[in-house]
Structures are given as C-alpha cells and as structure tokens.
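[1] just a sequence and a predicted model for now, questions to come.
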There are 2 protein chains.
Amino acid sequence: MSDAVEWAVHCCTVLAVLPEDQALPAARLAEFHDVPPAYLAKSLQSMTAAGITESRSGPRGGYRLARPGAEVTLLEVVLAVDGEGTAFQCSEIRQRGPAAARDAIAYRRPCGIARAMWRAEDAWRAALAAITVGDLVTELLATVAPAQLLAGAEWIQSVEITRRTRT
Amino acid sequence: MSDAVEWAVHCCTVLAVLPEDQALPAARLAEFHDVPPAYLAKSLQSMTAAGITESRSGPRGGYRLARPGAEVTLLEVVLAVDGEGTAFQCSEIRQRGPAAARDAIAYRRPCGIARAMWRAEDAWRAALAAITVGDLVTELLATVAPAQLLAGAEWIQSVEITRRTRT
C-alpha cells in the first residue's frame, strides 16, 4: 500500500472538520501534514474523481469533502488512491507447465487459490467499508491531546484569515 | 503482494499430494509451474525457514511439506514469502506539520487511522488463517479436469522414475 493512502486519510479527517464556508488548497494540506505537495495533489485529484472530495476554484478555493465524513468510508478512500485492483494478482500459472490443459474451457472457473486469496481481500474490504471518515474524526477528537486539537484549529483559522486579508 | 506468493501456494498444493517417499527439487517445481527457478528457490527457502516445507539432501532429495497440508494455513505461506509486515505502514505524519506536539507522550497511543487500517488487515489475516493447503487441495481435486490431474500425477511420477534410474 502506498504512503499516499495514509496522507489521503489524514487529509479527509482535516477536511471533515473544516468550517462550512472554508476550503483548503492542496498546498496547505501538504503543509499541514508536511508531505510532498505534488504527490498529495495527485491523491486529492483521485479522490475528487471518486466523488470523495470536491474542488472549488477562486481565491478562497481549495478542497472540501464532497459529502459529510459519516458518508465516506475508509474503503472508498483506499480504493480511490491506491486503485481498485486486488492485492493478489492471479497470473494463471495453472495454465503453464507440463500438466497444463490445451483446452481453455478447463480454466473457465477462476483458480481455487485465487478465489481463496480474494475471499480474504473481501474480508479486508468489508472491514474498511465499515469505518467512515466520521468515525475516525470522532476517535481522533476523543484521543488527540487538547493542545494538538487547538493547534490544528488555529492553523486552519490562520489560513483562512490570511486568505481573507488578501482577497 | 508479490508473484512469489502465487507460486509458493501452488507449490504447496503439489507438495501436499506427493507420494510419501518422494521430494521435488526447486528446479522441478519451477519447471512444473513454468516460473523462474532462482526466484522460486528463494520462496522455498523462506518456507523452509518458516517450518512449512523441509528440504532433503541427496540424489533423491528436494522439497516436501514439513507438515500435512491440513496443518499449513494460507496465512503462514503468505507471511513466509511476503514477510510479516503490515500492508499499511504508519509513518506517523501526525507528528509532523504545524499542529504537531513537541511532547512525545502525545503519541504514545498508535494513531487511530493506523489502528483502523490494521484492524482491516486483521480481518484479512483471519480469513487466510481459516484456509489450509489441505482445503485448497480438496477444492482443486474437485474442480480441476481429470485429464489435468492425470497429467500432473504422470509428471510427478516421471520425475521420480528418471531420478531412480540415475541413482
């Protein structure tokens, strides 16, 4: 799994607590998390394409969640950023070697090994689908030290004040 | 997940049906699956280190399962070949940026995002732990065409006959 997933989920939790009329540009989200802006921008674009975030243009533009955090699952974020593909890739090695069948009909049904691996991935997906960005925010608010929550809120506010002053 | 996992699981199903006194060298297992011998040998060594396979020396030596297939879980094979590490790597980005705490005690508890991701991986591991190589063999025997099973059995027998003739 790519680092980008970690960054994207963290971004979603920040976007979930933004004031109603505020948006955060990719560069500010990168600054808040101290991660490479270009790489983060790519993930934000992927999440926008997946309908998780939305992008507003203009001097006070930037990213917001496209839906309430309680309606965005962790699975959606992971798939948007890392792709829909399965971790296990069946390369059909059963069709190779001295015992392989010449008739393709013998391989109509997916290989039992691939099916077992994919069933396990289904369990992983189901667990990720059961958690929302809203759940993560609730947990973070309950576990992060008050001083950090305050520092985060002040930083979000400072970004907005700077932008309002400029516009 | 690496290709090596697919190859290793397929090898385990072949080793699980070997006659009692037979072993297969890495080169023959590679030939049976038409995969790169050196890369497969590395996985077989990892599985031996993990107590899944065992290696016998001598002219009729090679690999066997170290335990009955019913006692080897798919999870053991995956972890032996691909490593014990989690797919999600927490890089602690919460400790970076303008809202980070200076006091390390604020980060004593793992990040809620990492915990959510790891809970999902626990579900994946539990699903893989519930399937054994024996289960896979049972399913393969029930679904693979008889002609393929025969071709596989004949190939295993031919390897043994060739080796007995030489010794």
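    In hand now; what should we look at? Numbers count the residues shown, from 1 in each chain, chains lettered A, B, ... in the order given.

[2] tell me the secondary structure at residue A:54.
    Of the three states, residue A:54 takes strand under DSSP: H, G, I helix; E, B strand; the rest coil.

[3] apart from its neighbours in sequence, what residue is nearest it?
    Among residues not flanking residue A:54 along the chain, residue A:66 sits closest, at 4.2 Å (C-beta to C-beta, 6 or more residues apart in numbering or on different chains). Bear in mind the C-beta positions are built from the backbone N, C-alpha and C, glycine included.

[4] what's the burial count for the one you found?
    The number of residues packed near residue A:66 is 16, by other C-beta atoms under 10 Å in any protein chain shown.

[5] same check, this time on residue A:110
    Burial measure for residue A:110: 12 neighbouring residues, criterion other C-beta under 10 Å.

[6] tell me which element the closest residue to it other than its chain neighbours falls in.
    Once flanking residues are discounted, residue A:110 sits nearest to residue A:90: 7.0 Å by C-beta to C-beta, 6+ apart. Assigned by DSSP states H and E, residue A:90 belongs to no helix or strand.

[7] tell me how many other residues surround residue A:90.
    By other C-beta under 10 Å, neighbour count at residue A:90 equals 15.

[8] pretty sure it is touching residue B:6, no?
    Yes - counting by C-beta atoms under 8 Å, residue A:90 sits close enough to residue B:6 to count as a contact (6.6 Å).

[9] joint contacts of the two?
    A:113, A:114 (C-beta atoms under 8 Å, 6 or more residues apart in numbering or on different chains).

[10] show me the helices in chain A, by range?
    Along chain A, the segments classed as helices by DSSP state H run A:3-16, A:26-33, A:37-49, A:74-82, A:112-129, A:133-143, A:146-166.

[11] reformat these as TSV; add mean pLDDT and mean neighbour count.
    Compiled in TSV, the helices of chain A are given as follows (pLDDT from 0 to 100; neighbours: other C-beta atoms under 10 Å in any protein chain shown):
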stretch	mean pLDDT	mean neighbour count
helix A:3-16	97	23
helix A:26-33	96	20
helix A:37-49	96	17
helix A:74-82	98	22
helix A:112-129	97	19
helix A:133-143	94	17
helix A:146-166	89	14
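
[12] could you export these as a markdown table, including distance to residue B:134?
    Supplementary listing: these in a markdown table, determined by distance: least, C-beta to C-beta, whole Å:
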| stretch | distance to residue B:134 |
| --- | --- |
| helix A:3-16 | 35 |
| helix A:26-33 | 47 |
| helix A:37-49 | 41 |
| helix A:74-82 | 32 |
| helix A:112-129 | 12 |
| helix A:133-143 | 38 |
| helix A:146-166 | 50 |
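
[13] these into CSV, with extra columns for distance to chain B?
    Converted to CSV, these look like this (distance: least, C-beta to the nearest C-beta, whole Å):
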stretch, distance to chain B
helix A:3-16, 5
helix A:26-33, 5
helix A:37-49, 11
helix A:74-82, 6
helix A:112-129, 4
helix A:133-143, 4
helix A:146-166, 4
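
[14] of all the ones you listed, which lies closest to residue B:97?
    Comparing the helices of chain A by their distance to residue B:97 (C-beta to C-beta), the top pick is helix A:26-33, with 4.9 Å.

[15] contacts only, for the most centrally placed residue in chain A.
    Among the residues of chain A, the one closest to the centroid is residue A:77, at 2.7 Å (C-alpha atoms, centre = their mean). Contact criterion C-beta under 8 Å, 6+ apart gives A:5, A:8, A:9, A:12, A:47, A:52, A:133 as the residues in contact with residue A:77.

[16] so the fourth one makes contact with residue A:50?
    No - with contact taken as C-beta under 8 Å, residue A:12 and residue A:50 are classed as non-touching, separated by 11.5 Å.
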